[in-house]
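S.K.: Got a predicted model here, sequence first, then my questions.
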Amino acid sequence: MRHIFLTLLAFVPVLAVVGVTSAIYLDTMAHDGERKASLEKSGPIVVINHEVPLAASVVATAPLETPKVISIAEAAESEEIVLDETNPALLRTPQIIEQKQYIRIIDSCGPHFDGECVNARSGPSTTSPAVLKLRNDVVLATNDLIERDGSLWYQVYFDEWIRYPSRIKKKLYVAATYAEPITADGPALLDPNAPTTTKYIVVERSKQHLTAYNEDGSIFMDQDISTGLDATPTPRGIFTIFQKTPSRYMQGPLPGISNDYYDLPGVPWNMYFTEQGGALHGAYWHDKFGRKWSHGCVNLPPEKAHELYTWAELGTKVVIRD
């Protein structure tokens with residue numbers, strides 16, 4: 001049985017250095033060490049040509065021997081070609097997806113704290129200290145609705161890994177008046193045994209634009225976005241959405257990546273395509289869509305991020321190119 005080995009543009013220089021004579025399946029969801037281990041493999045060269053319909057280049061250069069090039073459809077129908085079973089992305093244990101309760105902040109301040117902001121407080125009372133200022137479209141997980149002195153308050157919690165936990169209180173409360181309740185699937189990982197989808201998303205860094213394509217090739221979304229600044233660029237390549245979560249607490253600095261300080265609770269509608277944290281998600285803290293503005297992720301207006309999140313299944317391909 002032959003293996004499919006996908007060669008991505010970003011790794012051509014690596015192949016030239018090590019002098020590999022067979023094509024390599026490189027999964028962008030794998031850690032660097034796992035990618036390096038895959039370089040030591042050998043086998044027949046089979047390159048999937050993603051130029052149709054994904055319009056993204058897949059290349060093989062010297063010292064690689066001339067590859068056999070097949071289409072995505074041919075790869076899917078072939079009984080002889082199988083994915084490398086040692087690929088870490090294929091060995092994931094899927095989570096049990098649970099429905100969870102979230103709230104979306106409404107009637108609050110804008111991206112630049114313009115207007116009056118909703119406060120997250122340390123207790124369910126207007127006399128409790130204000131801990132965080134929450135802008136419109138922040139999405140937070142909640143596990144309780146409390147009545148206190150005739151008013152309703154949502155208790156907020158963070159059931160996720162947080163880079164700088166000292167920045168937040170263990171319990172936060174938001175007045176229900178400023179919160180729209182949402183029931184949504186909680187964090188979910190790609191199931192390698194699940195049916196595949198042919199939906200795909202193309203991000204063009206030069207145009208700061210995103211186009212999402214339905215399975216029949218029609219356009220689902222055409223949208224200006226913001227990719228990474230020059231110091232923290234969004235990576236080029238062909239990726240897969242392998243994790244989704246309605247809410248994520250994002251913080252900086254990012255060791256080895258950026259020294260910028262930021263603290264962003266409740267980043268909405270996250271679709272991760274790299275293990276290093278690259279994601280498509282809503283951005284409530286700026287309105288600069290159509291310009292570079294992120295620390296490497298792909299930013300969308302929150303309402304558009306929600307639409308894309310609902311549409312994009314786990315396994316949806318993401319093509320990022322210049």
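M.R.: Structure received.

S.K.: burial measure for the residue lying closest to residue 102 once chain neighbours are set aside, as a count.
M.R.: Among residues not flanking residue 102 along the chain, residue 182 sits closest, at 4.4 Å (Cβ to Cβ, 6 or more residues apart in numbering). From N, CA and C alone the C-beta is placed, and that goes for glycine too. Residues lying near residue 182 (other Cβ atoms under 10 Å) number 18.

S.K.: isn't residue 182 right next to residue 266, touching?
M.R.: No. With contact defined as Cβ atoms under 8 Å, residue 182 does not reach residue 266; the gap is 11.5 Å.

S.K.: Touching both of those two, which residues are there?
M.R.: residue 139 (Cβ atoms under 8 Å, 6 or more residues apart in numbering).

S.K.: just the helices in this protein please.
M.R.: 12-18, 32-38, 72-77, 302-311 (DSSP state H).

S.K.: Where among those helices is average confidence lowest?
M.R.: In terms of average pLDDT, helix 12-18 trails the rest of the helices of the chain, at a mean of 28.

S.K.: now do the same end-to-end measure for stretch 156-175.
M.R.: 11 Å (Cα to Cα, to the nearest Å).

S.K.: same deal with stretch 213-226?
M.R.: 19 Å.

S.K.: Identify all contacting residues around that stretch.
M.R.: In contact with stretch 213-226 (Cβ under 8 Å, 6+ apart) are residues 53, 197-203, 208-212, 283, 286, 288-294, 298-301, 304, 307-308, 311.

S.K.: What subset of those is buried?
M.R.: The neighbour-count criterion (16 or more other Cβ atoms under 10 Å) marks 198-203, 208-212, 283, 289, 292-294, 298-301, 304, 307-308 among those as buried.

S.K.: got a list of what residue 108 touches?
M.R.: Contacts of residue 108 (Cβ under 8 Å, 6+ apart): 115, 116, 117, 118, 134, 135, 136, 138, 178.

S.K.: what's the burial count for the third one?
M.R.: Counted by other Cβ under 10 Å, the residues lying close to residue 117 total 18.

S.K.: Which residues are in contact with residue 149?
M.R.: residue 125.

S.K.: Need the phi and psi values for it.
M.R.: Backbone torsions for residue 149, taken as degrees, to the nearest 10, come to phi 50, psi 40.

S.K.: And it, how close does it get to residue 187?
M.R.: The gap separating residue 149 from residue 187 is 34 Å, by Cβ to Cβ, to the nearest Å.

S.K.: cool, and residue 217?
M.R.: Distance from residue 217 to residue 187, by Cβ to Cβ: 31 Å.

S.K.: Please say which of those two ends up with more neighbours.
M.R.: residue 187 (19 against 9).

S.K.: Identify the bridge partners of residue 102.
M.R.: Beta bridges link residue 102 to residue 141, residue 182, judged by DSSP bridges.

S.K.: Check it and give its pLDDT.
M.R.: 98.

S.K.: ok, it - how many residues close by?
M.R.: By other Cβ under 10 Å, 21 other residues sit near residue 102.

S.K.: Next, find the distance separating it from residue 195.
M.R.: Noted for residue 102: a distance of 27 Å to residue 195, by Cβ to Cβ.

S.K.: quick one: least confident helix or strand in the chain?
M.R.: helix 12-18 (a mean of 28; mean pLDDT, DSSP states H and E).

S.K.: where does this structure dip in pLDDT?
M.R.: Scanning the chain for pLDDT under 70 picks out 1-96.

S.K.: 80 instead, please
M.R.: Residue ranges of the chain with pLDDT under 80: 1-97, 169-170.

S.K.: Could you pick out the longest strand of it?
M.R.: Identified as the longest strand of the chain according to DSSP state E is strand 258-272.

S.K.: Quick check: can you name the pairing partners of it and their directions?
M.R.: strand 243-254 (antiparallel), strand 279-282 (antiparallel).

S.K.: List the buried residues of it.
M.R.: Here strand 258-272 shows 258, 264, 265, 266, 267, 268, 269, 270, 271, 272 as buried, counting by 16+ other Cβ under 10 Å.

S.K.: Quick check: the two most widely separated of these?
M.R.: Spatially, the most separated pair among the buried residues of strand 258-272 is 258 and 269, at 22.3 Å (Cβ to Cβ).
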